[in-house]
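Participant: Quick check, what structure comes out for this input:
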Amino acid sequence: MDKLSKLKIWVHAARPQTLAAAFVPVCVGSSLAFHDGQFNSTATIVALICAFLIQIGTNFANDYFDFKKGADTDERLGFERATAKGYVSTEAMRNATAITMGIAFILGLYLVWIAGWEILCLGILSIIFGLLYTGGPFPLGYNGLGDLFVFVFFGIVAVMGTYYVNALQWSVAAFWASLAVGALCINILVVNNLRDIEQDRLAGKNTLGVIFGEQILRWEYSLMILLALVIPLYFFFQLKYDYSIFIPYFSLPFAGILLNTIWTESDKRKLNKTLEHTAQYMTLYAVLFSGGILADLL
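Facilitator: Numbers count the residues shown, from 1 in each chain. As a prediction, the model looks like this:
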């Protein structure tokens, strides 16, 4: 196998389409810090790199552990997994996971240096739970806790942590903003679980869809979008932001298209495209929300 082919395989295994879940919380958290006059460009860049590395490391870990547990088979409807397809050995994927998480930890020490032990705790927990999502004796993703993990670590922890490394203090606004981010990150997982519900059931992977059924996933997706759209109202009425905070509502037509697809699409294979569109919508919402936050300064 030539070097270019190897590079393509590893890029594919990193699942770049999921990196929006790492970018979005840093985007929103740093925008809030800028709004409050606390922006630290170096801390934000390092936080973003660490977020990307933890996301990629988690993807590598999922690739490894899902294969070991028999969840990735030839019947898989989702994107190809490198280990399951035999493109990468289990040992190489395990090593890649360790190296990626290790680099994230080392870079994160800069954030610990400027922001203290709180960030050390959050960083270590993020890495540990990233591995425990599909690994360990009680993998979260196999026991109906994947959604909670995503909401907490890709929403609350990531947004508030980003704000903290900038401002060196916690923020009420960052907490409320993190709820919108966490909700939209969950929807990436919801689409994934809706698409793979039959394969997950056969593999003993008890996602919320396997436990409660497809309709619950559709309602969950809808409610998460609703939660994200309610948050600007809190900023306007309680935090006294300007009308610009409603800029995210320009994303409503796209939300409507996604909701229609989730409730009407019966071909599970087509949900791969919906997964990509959900990540794109999350990014659009975050950029608009960040724009609304910054426009409040005008």
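
Participant: so who does the closest residue to Ile247 other than its chain neighbours touch?
Facilitator: Among residues not flanking Ile247 along the chain, Gly292 sits closest, at 3.9 Å (CB to CB, 6 or more residues apart in numbering). Where you see a C-beta, it was placed from the backbone N, CA and C, and this is true even at glycine. If you count contacts by CB atoms under 8 Å, 6 or more residues apart in numbering, Gly292 has them with Pro232, Phe235, Tyr241, Ser244, Ile245, Phe246, Ile247, Pro248.

Participant: Mind checking which of those residues are in strands?
Facilitator: Among the contacts of Gly292, DSSP state E puts none in strands.

Participant: Can you tell me which of the residues you listed is nearest Leu194?
Facilitator: Pro248 (24.3 Å; CB to CB).

Participant: Distance-wise, check Ser114 relative to Phe175.
Facilitator: No Ser there; residue 114 is Ile. Distance, Ile114 to Phe175, by CB to CB, to the nearest Å: 21 Å.

Participant: Asn95 now?
Facilitator: Plainly put, Asn95 is 37 Å away from Phe175 if you go by CB to CB.

Participant: Leu284 too?
Facilitator: Separation of Leu284 from Phe175 (CB to CB): 22 Å.

Participant: Compare neighbour counts for the two and give me the winner.
Facilitator: Comparing Leu284 with Phe175 by other CB atoms under 10 Å, the one with more neighbours is Leu284, at 18 against 14.

Participant: Val88: what secondary structure?
Facilitator: Assigned state for Val88: coil (three-state reduction, DSSP: H, G, I helix; E, B strand; the rest coil).

Participant: Which helix in this protein has the most residues?
Facilitator: helix 41-68 (DSSP state H).

Participant: contacting residues for the closest residue to Tyr241 other than its chain neighbours?
Facilitator: Closest residue in space to Tyr241, ignoring its immediate chain neighbours: Phe235 at 4.3 Å, by CB to CB, 6+ apart. Counting by CB under 8 Å, 6+ apart, Phe235 touches Ala173, Trp176, Ala177, Tyr241, Ile245, Gly292, Ile293.

Participant: measure Phe235 to Leu184 for me?
Facilitator: 16 Å.

Participant: quick one on the thing from earlier: need the pLDDT of the residue nearest to Ile247.
Facilitator: Per-residue pLDDT puts Gly292 at 99.

Participant: helix or strand for it, which one?
Facilitator: For Gly292, the host element (DSSP states H and E) is helix 271-295.

Participant: Can you give me the buried ones in that helix?
Facilitator: Buried residues in helix 271-295, counted by 16 or more other CB atoms under 10 Å: 271-272, 274-279, 281-293.

Participant: do the same with stretch 127-134
Facilitator: Under 16+ other CB under 10 Å, the buried positions of stretch 127-134 are Ile127, Phe129, Gly130, Leu131, Leu132, Tyr133, Thr134.

Participant: do stretch 196-215 as well
Facilitator: Using 16+ other CB under 10 Å as the test for burial, stretch 196-215 gives Asp196, Ile197, Gln199, Asp200, Ala203, Lys205, Asn206, Thr207, Leu208, Gly209, Val210.

Participant: what does stretch 222-236 give?
Facilitator: By 16+ other CB under 10 Å, the buried positions in stretch 222-236 come out as Ser222, Met224, Ile225, Ala228, Leu229, Ile231, Pro232, Tyr234, Phe235, Phe236.

Participant: Between those residues, which sits nearest Gly256?
Facilitator: Set against Gly256, the nearest of these by CB to CB is Ile225 (9.3 Å).

Participant: Would you double-check that that closest one falls in a helix?
Facilitator: Yes - judged by three-state DSSP, Ile225 forms part of a helix.

Participant: Buried ones among the contacts of Phe235?
Facilitator: Neighbour-count burial (16+ other CB under 10 Å) applied to the contacts of Phe235 gives Ala173, Trp176, Ala177, Tyr241, Ile245, Gly292, Ile293.

Participant: Could you find which two of these are furthest from each other?
Facilitator: Top of the distance list for the buried ones among the contacts of Phe235 (CB to CB): Trp176 and Gly292, 13.3 Å.

Participant: what inclination does the lowest-mean-pLDDT helix or strand in the chain have with respect to helix 41-68?
Facilitator: Among the helices and strands of the chain, helix 3-14 carries the lowest confidence by mean pLDDT, DSSP states H and E, at a mean of 85. Taking axes from the mean of the first three to the mean of the last three CA atoms, to 10 degrees, helix 3-14 and helix 41-68 form an angle of 90 degrees between their directions.

Participant: what separates helix 3-14 from the chain centre, distance-wise?
Facilitator: 22 Å (CA atoms, centre = their mean, to the nearest Å).

Participant: What residues of that helix count as buried?
Facilitator: For helix 3-14, the neighbour count (16+ other CB under 10 Å) marks Ile9, Trp10, His12, Ala13, Ala14 as buried.
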